[in-house]
Structure formats: C-alpha cells, structure tokens
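**Student:** give the three-dimensional model of this entry:
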Amino acid sequence: MSTLKAINVVHPSGTVTNIVNDNAGNITVGNNLTVTGTATINGAAPITVAPGAFGNLLTSNGTAWISQAPANTPTSSGLNRLINGDLATDQRNSGAAQTIIAGAALAYTVDRFYAYCTGANVTGQQIAGATPNQYRYQFTGAASVTAINFAQRIEAFNSADLAGTTATFSVDLANSLLTTVTWTAYYANTTNTFGTLASPNVTSIATGTFTVTSTVTRYNVQIAIPSAAYTGLQIVLSVGAQTSGTWTIGNLQLESGSVMTPFQRIIYSDQLAQCQRYFVDSNPGNSTIAYTFIGYSPSGVGWPIGAIPLSVTMRAAPTISTRNVALINASSLAIGSTFPNYFYGSVTVSGAGSYTVTLNYAASAEL
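**Tutor:** Take a look at the predicted model:
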C-alpha cells in the first residue's frame, strides 16, 4: 500500500487550495465538497429534514428528526403588544351585534379595539371562528358605506421598547366583496395621548396594503418603528366601499423583530385582566345587579353611598356610566370623585330612615 503525504492539495490551474491536511487528522476543504457515493459521519449517513411550514421547529420523536409546528399553548408572556388579539374578550357586547354610526366618534367594540365608518352605518360583531381560532370580528357592509376602520391604541408602557427597531404586524383577514385592506401605523405625539378622530394627535409611521380574498388568510408586514415612537403606537386596518358582504378579522399581533412567529395565545383570565386596565363592566352582558348599598340618613339631603370598588386598578381615573339603577327612599344618583381603583356616589334621600341603592356600572379609561 502506498501512502501519499501532503499538506496542501492544489489543482494545477487553480489558485485556491482544495484540501489542507494537518497532523491531527483534520481536513479543510477550500470550496464546495461533492460526494458521488454515500457519505457517512461517524459511520452514519447524514439526515435530511424537509423544512415544512413557516415557523416549524426541528424536534426528535425518539427515532428521527422531524419538522413540526410548535405547540400553541396559552401563555402570559408579552410577545404580542396588541391586547385581546384573538378578540375573545367582549365586555361591552358579550358577542351581540353593535351598530357603528357613520361619522360619529370612534366606538369601542371587542375589548381594546375600536371602529369607525363613513358614508353609512355598519354592523360589527364578535363571531365564532374555526378551530383553533375561537373568535373573529366581522363587519357587515351596507349601501353607501365609503370606509370602515378597525384599530387599537397601544399604551407606551407596552410599546416604548420598540422605538428604533423593526416590528412585525400579522393578522388573519378575509373579505367577501373587496380585495384590498389597508394597514397604517402611527405613534402618539404626546405620551398616551392620541387625540380624537376630528383632531388626531398622531404621526404616521408607515402604511401599506394586503391583497385579500374571501378565504381567511394570514398576512404580515415589517414596520420600521422610528426612535421617536416611544409615546404609544396605533395600528389601524381599513377598507373602502364595503357596500355589501362581510369583512372578517382575527388573530392580530404586533411583535418585536422582522420575523412573523405563530400567534401567541394568552390565558383568558390574564387577558381579561389586561383588558380591564382600560375598561371594566361590573356585570358584562347581564342585567343582574352587581352593587347594592343600604344606608340610613336624615331626609332631604345628599348622602354618600360609599366608595364603590373596581375589580382592578385601572390605567387612570375612569369615566363612570351606570345602568339598571334602582333607588328606594332616594333619588338623584350622582357619581362623584373617581380614582383608578374606586369611585364615589351620592343620592338625595327622600325621607328619614333607611335607603337602598342598586346599580351596575361601566368604567372606562381607554386611550
């Protein structure tokens, strides 16, 4: 047997060293390596795994490596900066249809999301989705509609770290009439102060379109967030003349980075608590009385009914509205001072003795 001893192997007409040998048995290949027979590594053939679908993970089943979708287990982490992205929490309507009034101020729909339209009124509603997507939100068009918008404002606490980076927005969309959905990203000019529809206080970051069909499909876009956008973000989806048909939306996600990851599902109780930082209903979708106060007072005087606690500490002192109010031996319920975790009320007592106040309330500290 002959032995060839060489350190470098070079093609006669080449300039690149094809093979370099060292005295430890290592070989360095200068460029591509082509194997025409069967290659082995430590006696075993290399394994080739097809990449599979976007977002798959390479895992072992004990005998082979496979590409498979990650388990979408509900978590409490904050990858998604949009709260209630799966549209499951609906304290205001409990799944009932809601009329969005054309040309009116923005109207909150499912928790954290608001809508507005022009030209004519439209109907919006939380609807059932297909497994594993429990809910979607759907608008039903009407004659003379010129635009529908669906959006969320993101508090600076939850978005300031995105300033000066790239973020990815992803969403499930379908439309039975139109083929274009426009997305637009803004930031607040003043921290957590976005203004109104009539007088906005925002700066546009970027805008673009998704080409959609009647089949629910997932879309994504990368957005360069400017360094000045540490004051809160606003993501708006819009369509034009939805004069008939339906526009379906689901699984909205805004995350850090330039790669879309699978939609992050949040444990429902945690998601509800996140929503209640901005809006709390004492008894969503139910006329059963949530608060009862019984007191004693002289007649004909304004009398406090005590501090009414809120179920969570809200973002700011909320605006309070009441319903299902019932007064016994009292009149003129008035809401007094409000605080992030409670508010005061008072009544005028009709006659000396005991009185009773029962009510439900809604507290809003939306951006």
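
**Student:** lowest mean pLDDT among the helices and strands of this protein, which one is it?
**Tutor:** Ranking every helix and strand in the chain by mean pLDDT, DSSP states H and E puts strand 57-60 at the bottom, with a mean of 58.

**Student:** can you pull out the low-pLDDT segments for the stretch 51-200 of the chain?
**Tutor:** 51-77 (pLDDT under 70).

**Student:** can you give me the strands for it?
**Tutor:** Using DSSP state E, counting those that start in this stretch, the strands of the stretch 51-200 of the chain run over residues 57-60, 65-68, 98-100, 107-108, 114-118, 122-128, 135-140, 147-154, 166-175, 180-188.

**Student:** dump those to a markdown table, plus distance to V347 and mean neighbour count.
**Tutor:** No exception for glycine: its C-beta is placed from N, CA and C like everyone else's. Output for these, formatted as a markdown table (distance: least, C-beta to C-beta, whole Å; neighbours: other C-beta atoms under 10 Å):
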| stretch | distance to V347 | mean neighbour count |
| --- | --- | --- |
| strand 57-60 | 61 | 10 |
| strand 65-68 | 62 | 12 |
| strand 98-100 | 31 | 17 |
| strand 107-108 | 29 | 16 |
| strand 114-118 | 33 | 21 |
| strand 122-128 | 36 | 18 |
| strand 135-140 | 39 | 21 |
| strand 147-154 | 35 | 22 |
| strand 166-175 | 47 | 20 |
| strand 180-188 | 39 | 20 |
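
**Student:** reformat those as CSV; add distance to T246.
**Tutor:** Below are the strands of the stretch 51-200 of the chain laid out as CSV (distance: least, C-beta to C-beta, whole Å):
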stretch, distance to T246
strand 57-60, 35
strand 65-68, 33
strand 98-100, 14
strand 107-108, 18
strand 114-118, 14
strand 122-128, 9
strand 135-140, 5
strand 147-154, 11
strand 166-175, 7
strand 180-188, 13
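
**Student:** so which of those strands is nearest L310?
**Tutor:** Closest of the strands of the stretch 51-200 of the chain to L310 is strand 107-108, at 17.4 Å (criterion: C-beta to C-beta).

**Student:** what about F343, how many residues close to it?
**Tutor:** 20 (other C-beta atoms under 10 Å).

**Student:** run through the bridge partners of it.
**Tutor:** Beta-bridge pairing for F343 (DSSP bridges): I308, T338.

**Student:** pretty sure it contacts T322?
**Tutor:** No. With contacts counted by C-beta atoms under 8 Å, F343 stays clear of T322, the gap being 10.3 Å.

**Student:** what's the overlap in contacts for the two?
**Tutor:** Shared contacts of F343 and T322, defined by C-beta atoms under 8 Å, 6 or more residues apart in numbering, comprise 335, 361.

**Student:** OK, contacts around Y114?
**Tutor:** 106-108, 150-153, 366.

**Student:** same question, Y230
**Tutor:** Contacts of Y230 (C-beta under 8 Å, 6+ apart): 156, 159-160, 163.

**Student:** mind checking which of these land in helices?
**Tutor:** Assigned to helices by DSSP state H, none of the contacts of Y230 qualify.

**Student:** which of these has the largest number of neighbours?
**Tutor:** Neighbour tally across these (other C-beta under 10 Å): the maximum, 24 neighbours, falls on S159.

**Student:** where's the nearest residue to that residue once chain neighbours are set aside relative to L359, distance?
**Tutor:** Closest residue to S159 apart from its sequence neighbours, by C-beta to C-beta, 6 or more residues apart in numbering: L233 at 4.6 Å. Using C-beta to C-beta, to the nearest Å, L233 is found at 36 Å from L359.
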